[in-house]
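Colleague: Give me coordinates for this.
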Amino acid sequence: MHFYSLMSSLIISVFFLYISESESVKTLKNLVVKRGGSLTILCFYDGKYKSNPKYWCKGYYWSSCGIVARTNTRGRTSVTDYPTQNMFTVELNSLQDSDSGDYLCAVEIKDGSDDGDYLYLTVSADPAVSVINSRVSGQEGGSVSVQCLYRTDYKNKQKQWCRFRDWRCLTSQNSAVQISDDGRGAVSVEMSGLKKSDAGWYWFSAGEVGVTVHLTVTERPTNPAVSVINSRVSGQEGGSVSVQCLYRTDYKNKQKQWCRFRDWHCLTSQNSAVQISDDGRGAVSVEMSGLKKSDAGWYWFSAGEVGVTVHLTVTERPTTTTAVTTISSTVKTSISETKSEANQTETTERSSNSAIYTNTTGEDADMCTAVSKKKKPLSEVALGTDVIYGNVATEATNEPLSPDAGGDEMLYGNILPK
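Modeller: Modelled structure (predicted):
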């Protein structure tokens, strides 16, 4: 996947109150952009206007609308026509407060009145919705991640990822699109299994506020500059996880970095929690240890200015209980409980009259058989000279399995060879 600039200054916002009712020309009605930022406006038109000149003018009324830019002009404002998509775009750069106001997406009509649709643009210091990069790129068969931000007052608004081509929107993930909202002002949209047909314009919205994003899908190179073995990895709390990264030999001397999207913190060498090892032959291993829940999220590995995204999931550490029961304690408990049921007057356990000994019959033994004078199943334990026997796996030892000895109820351990 081509790695797009992560610190782009193109942070834009779009406020969608409604789409024009016009059948011939339409655009998004209310837009908000961050002061000093840039904005791409999409203007759609009827097929009959494919060959007509397009322009962008400032003003609400046709009579007073001043033309700012025409088709194929370049500068702080530029207009580009895409006849095959029945659409033209208006690129606005370095926007200031004075750029706020009414505008028209217009189509010039020869020998008639021009056609178009208006919108209102507001330049704001604190946009409601923004993206880290308004233009992203991915390879066929690969994936691309779009990092979206929203103000805290939009936390409970519905989040959507929409495609302009067919106006189709998603509010939750499917097999090709994963939408993750951290609830703290950031939404990650990942599109996987990219196809050429996925290329085009999209928008992300929180409630009625949104932002436009353009996706380019390129052919998959036979030998990408940077790649990872797995773009999604998982580890447990307190454990570790390893990410295997690859780079082409011509990137051997480029700086390698492991970075976290959440705070844009990057490492070029290891610290106590992250170990970065470059073998100098095209492979870098990144190992994160002592994982915490807060480590979960999106990261990227880069070599020079080229990189690849990786998602880390941190799961809870499973709670396990190991039960260890010794032969002597099991036998004593069985005898004590049985005696208590059979004879209420016998209140003390006769553990002092029970013993278990070992009799090693082979040097390499790992099976112990508990026996006594008579043989009955463990489920038929009784008083007096009744028997307790059963096979219990243990390590071979020549020491008594219980320090208790004596009495007429003797339990012996017989160590059998393998």
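Colleague: And the residue nearest the centre of this structure?
Modeller: His311 (4.4 Å; CA atoms, centre = their mean).
Colleague: Does it have any beta-bridge partners, and if so which?
Modeller: Arg232, Trp298 (DSSP bridges).
Colleague: How about Val79?
Modeller: Thr71, Val90.
Colleague: same question, Val25
Modeller: Applying DSSP bridges to Val25, the residues it is bridged with are Tyr45.
Colleague: and what of Gln275?
Modeller: Under the criterion used (DSSP bridges), Gln275 bridges to Glu287.
Colleague: Make sure it is actually in contact with Gly290.
Modeller: No. With contact defined as CB atoms under 8 Å, Gln275 does not count as touching Gly290 (11.3 Å). The way it works is simple: take the backbone N, C-alpha and C, and place the C-beta from them, glycine included.
Colleague: Comparing the two, which residue is more hemmed in?
Modeller: Gln275 (17 against 12; other CB atoms under 10 Å).
Colleague: Let me see the contact set for that one.
Modeller: Ser285, Val286, Glu287, Ser289 (CB atoms under 8 Å, 6 or more residues apart in numbering).
Colleague: Now Lys196. Its backbone dihedrals?
Modeller: phi -60, psi -40 (degrees, to the nearest 10).
Colleague: Tally up the residues packed near it, please.
Modeller: 9.
Colleague: picking up where we left off before, check the contacts of Gln275 for burial and list the buried ones.
Modeller: Val286 (16 or more other CB atoms under 10 Å).
Colleague: quick one: secondary structure of Trp212?
Modeller: In this structure residue 212 is Thr, not Trp. strand (DSSP: H, G, I helix; E, B strand; the rest coil).
Colleague: is it true that it touches Val32?
Modeller: No. Judged on CB under 8 Å, Thr212 makes no contact with Val32 at a distance of 11.9 Å.
Colleague: so where's the chain uncertain?
Modeller: 1-23, 320-418 (pLDDT under 70).
Colleague: Number of residues surrounding Ser180?
Modeller: Ser180 has 16 nearby residues by other CB under 10 Å.
Colleague: Please parse this protein into its domains.
Modeller: 12-124, 129-218, 226-315, 330-417 (automatic domain parsing).
Colleague: Mind listing the residues bridging to Ala206?
Modeller: Here Ala206, judged by DSSP bridges, has bridge partners Lys159, Val209.
Colleague: what sits against it?
Modeller: By CB under 8 Å, 6+ apart, the neighbours of Ala206 are Ala128, Val129, Tyr150, Tyr154, Lys157, Gln158, Lys159, Val187.
Colleague: before we move on, what about Gly75?
Modeller: Contacts of Gly75 by CB under 8 Å, 6+ apart are Ala69.
Colleague: Just say helix, strand or coil for it.
Modeller: Relying on three-state DSSP, one would call Gly75 coil.
Colleague: same question, Arg220
Modeller: With three-state DSSP as the criterion, Arg220 reads coil.
Colleague: which residues touch it?
Modeller: So Arg220 contacts Gln139, Glu140, Gly141, Gly142 (CB under 8 Å, 6+ apart).
Colleague: wait, doesn't the third one sit right on Ser192?
Modeller: The one in question is Gly141. No. Counting by CB under 8 Å, Gly141 sits too far from Ser192 to count as a contact (9.0 Å).
Colleague: Between the two, which is the more surrounded one?
Modeller: Ser192 (16 against 13).
Colleague: Adding secondary structure and distance to Arg163, write the contacts of Arg220 out as a markdown table.
Modeller: A markdown table is the format used below for the contacts of Arg220 (DSSP: H, G, I helix; E, B strand; the rest coil; distance: CB to CB, whole Å):
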| residue | secondary structure | distance to Arg163 |
| --- | --- | --- |
| Gln139 | strand | 19 |
| Glu140 | coil | 18 |
| Gly141 | coil | 19 |
| Gly142 | coil | 18 |
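Colleague: ok, and the most crowded of the contacts of Ala206?
Modeller: Of all the contacts of Ala206, Val129 has the most neighbours under the rule other CB under 10 Å, reaching 28 neighbours.
Colleague: For that one, name its beta-bridge partners.
Modeller: Tyr150.
Colleague: contacting residues for it?
Modeller: 13-14, 148-151, 154, 204-206, 209-211 are the contacts of Val129 under CB under 8 Å, 6+ apart.
Colleague: so how far is Phe44 from it?
Modeller: 21 Å (CB to CB, to the nearest Å).
Colleague: what do you get for Thr27?
Modeller: 7 Å.
Colleague: do the same with Glu108
Modeller: For Glu108 relative to Phe44 (CB to CB), the value is 16 Å.
Colleague: out of those two, which sits in the busier spot?
Modeller: Neighbour count, other CB under 10 Å: between Glu108 and Phe44, Phe44 has more, with 20 against 16.
Colleague: From what I see, that one and Asp81 are in contact.
Modeller: No. With contact defined as CB under 8 Å, Phe44 does not reach Asp81; the gap is 11.7 Å.
Colleague: What about the closest residue in space to Tyr247 that isn't next to it in sequence, how many residues nearby?
Modeller: Closest residue to Tyr247 apart from its sequence neighbours, by CB to CB, 6 or more residues apart in numbering: Ala303 at 4.4 Å. When neighbours are counted by other CB under 10 Å, Ala303 registers 25.
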